[in-house]
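S.K.: just a sequence and a predicted model for now, questions to come.
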Amino acid sequence: MERTTLRRRALVAGTATVAVGALALAGLTGVASADPAGTTAPPVSADSLSPGLLAAMERDLGLDADDARSRIANEYRAAAVAAGLEKSLGASFAGARVSGTKAALTVATTDASQTARITGAGAKAEVVGHSLDRLEGVKEALDRAALRKAPKDVPVWYVDVEANRVVVNAASTAAGAAFLKTAGVDSGLVTVARSAEQPRALADLRGGDAYYMNGSGRCSIGFSVKRGTQNGFATAGHCGRVGTTTNGFNQQAQGTFQGSTFPGRDYAWVATNANWTPRPTVNGYGRGDVTVAGSTSSVVGASVCRSGSTTGWHCGTIQQLNTSVTYPEGTISGVTRTSVCAEPGDSGGSYISGNQAQGVTSGGSGNCSSGGTTYFQPLNPLLQAYGLTLVTSGTPTDPPTTPPTDPPTDPPGGTWAAGTTYAAGATVTYGGATYRCLQGHTAQPGWTPAAVPALWQRV
């Protein structure tokens with residue numbers, strides 16, 4: 001139950017930027033029931049995508065500007081439908097993916113009677129043998145085994161929703177088989193694939209900008225964030241430990257790591273001093289900055305672009321979600337595997353699809369000359385872990401009202417709850433009234449809808 005809930009929360013977070021109305025433009029039917037948030041935001045517009053992002057997609061994905069805009073809009077729509085179908089299909093849900101420049105959505109199920117529900121929402125239905133929950137259960141067993149002892153010559157494992165199997169990449173079939181035996185998993189659900197991949201952490205307030213740790217190593221900013229009135233940024237955990245100090249790209253004093261997790265996960269956040277103003281932008285490295293509007297999670301097959309202080313802008317596609325990867329320092333779980341290249345110093349930098357923040361660069365293999373595979377830590381779990389709010393184009397200039405000194409332990413009835421990540425446009429009930437979220441954030445104790453008009457509007 002916990003595994004399913006967390007995955008759904010990651011999919012749904014930020015869905016207010018995905019239009020139900022826009023779904024009708026694609027000729028889809030029955031999509032209103034598939035949208036979990038019931039939102040009515042306008043579709044992505046041509047003006048909302050930066051020239052730099054479009055140029056990088058043309059270089060790396062072979063798409064002209066019009067095709068790139070169309071693909072991103074279709075991917076936004078697909079993410080909304082996929083999130084709704086995951087909720088309605090329940091235990092029979094077996095994953096979702098998009099394919100082609102039109103981002104055609106395929107949703108898998110183990111229950112053939114659910115195909116009409118899937119096609120009615122405008123997606124292609126696929127009946128498979130194993131649910132996503134079952135496959136992720138196998139992967140979690142592998143994760144637990146890796147936490148006890150990092151596997152030798154087994155760099156990566158993940159759930160492949162297209163193949164409907166767990167895939168273990170290993171230097172040899174013997175190494176893969178030994179890992180499965182140690183974990184005690186059903187080998188009938190696993191494919192062991194030979195791989196020469198040797199991923200490593202790429203460690204060597206605008207997303208993608210450089211910063212320096214303790215005056216030495218260099219990483220990249222992920223996204224501007226806030227925790228209450230404190231400004232800061234999200235980045236990779238392997239870049240620094242709690243207490244590590246940072247200087248900005250200009251070598252001026254910047255901030256201090258407040259939270260850091262690595263290995264296991266690869267996320268962190270840095271609180272910055274008053275000289276640094278958080279902006280809802282990602283560095284386009286000469287092609288125009290990208291404005292961040294939310295954090296809707298994209299599905300497998302979707303396009304994604306990365307900004308980092310070593311190699312600038314590069315794009316590719318999402319290959320697998322919820323991947324586990326072993327670096328020399330240990331195993332990292334829950335990262336997303338992509339075809340985007342990266343190099344040392346890009347770590348912590350921004351991954352973004354259109355104007356939707358996806359995550360921060362973790363590590364990978366290869367480089368941006370010959371190509372490579374890179375992994376990113378999804379952003380929404382990072383925000384939840386540290387109680388952060390993503391700074392977006394809808395974030396008010398003035399900070400939210402400071403929580404009361406003695407916030408109520410329990411709200412007076414309703415669906416609002418502290419610790420939940422809410423997307424702009426999401427609705428909750430509180431104290432007998434209904435409220436609409438004005439900006440995406442993670443709710444903190446005391447930030448009740450009635451008390452924080454900067455975040456909530458009564459409807």
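M.R.: Looks like it arrived, so ask away. Numbering: from 1, shown residues only.

S.K.: which parts of the protein are helices?
M.R.: Applying DSSP state H to the chain gives helices spanning 2-12, 20-25, 51-61, 65-89, 115-120, 132-148, 173-183, 379-386.

S.K.: chain center to the last one, what's the gap?
M.R.: The reference is to helix 379-386. Taking the mean of its C-alpha atoms, helix 379-386 sits 9 Å from the chain's own mean (CA atoms, centre = their mean, to the nearest Å).

S.K.: same question for the third one.
M.R.: Put simply, helix 51-61 sits 20 Å off its chain's centre (CA atoms, centre = their mean).

S.K.: please apply the same query to the fifth one.
M.R.: The gap between the average C-alpha position of helix 115-120 and the chain average comes to 27 Å, counting by CA atoms, centre = their mean.

S.K.: what residues sit buried inside that helix?
M.R.: 115, 117-118, 120 (16 or more other CB atoms under 10 Å). Quick note: C-beta positions are derived from backbone N, CA and C, even for glycine.

S.K.: which one of those sits closest to Trp416?
M.R.: Of all the buried residues of helix 115-120, Arg117 has the smallest distance to Trp416: 29.5 Å, by CB to CB.

S.K.: OK, contacts around that closest one?
M.R.: Shown in contact with Arg117 (CB atoms under 8 Å, 6 or more residues apart in numbering): 85, 88-89.

S.K.: Phe179: which of those residues is nearest?
M.R.: Proximity of the contacts of Arg117 to Phe179 was ranked by CB to CB; the top entry is Leu89 with 30.9 Å.

S.K.: so what's that closest one up against?
M.R.: 107, 109, 111, 114, 117-118.

S.K.: need those residues in a markdown table (columns: pLDDT and distance to Tyr430).
M.R.: Listed next are the contacts of Leu89 as a markdown table, based on pLDDT from 0 to 100; distance: CB to CB, whole Å:
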| residue | pLDDT | distance to Tyr430 |
| --- | --- | --- |
| Val107 | 97 | 33 |
| Thr109 | 98 | 35 |
| Asp111 | 97 | 36 |
| Gln114 | 97 | 34 |
| Arg117 | 95 | 32 |
| Ile118 | 97 | 34 |
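
S.K.: pick out the most distant pair among those residues.
M.R.: The span of these, defined through CB to CB, is set by Val107 and Asp111 at 11.8 Å.

S.K.: more neighbours: which of the two?
M.R.: Ranked by neighbour count (other CB atoms under 10 Å), Val107 and Asp111 place Val107 first, with 30 against 15.

S.K.: so which of the helices of the chain comes closest to Asn367?
M.R.: Nearest to Asn367 among the helices of the chain is helix 51-61; the distance by CB to CB comes to 14.1 Å.

S.K.: for the record, mean pLDDT for the closest one?
M.R.: Confidence for helix 51-61, expressed as mean pLDDT, is 89.

S.K.: what's in contact with that helix?
M.R.: 63-65, 68-69, 284-290, 303, 305, 313-317, 340, 352, 354.

S.K.: now it against helix 65-89, angle please.
M.R.: For helix 51-61 against helix 65-89, the angle by axes from the mean of the first three to the mean of the last three CA atoms, to 10 degrees is 80 degrees.
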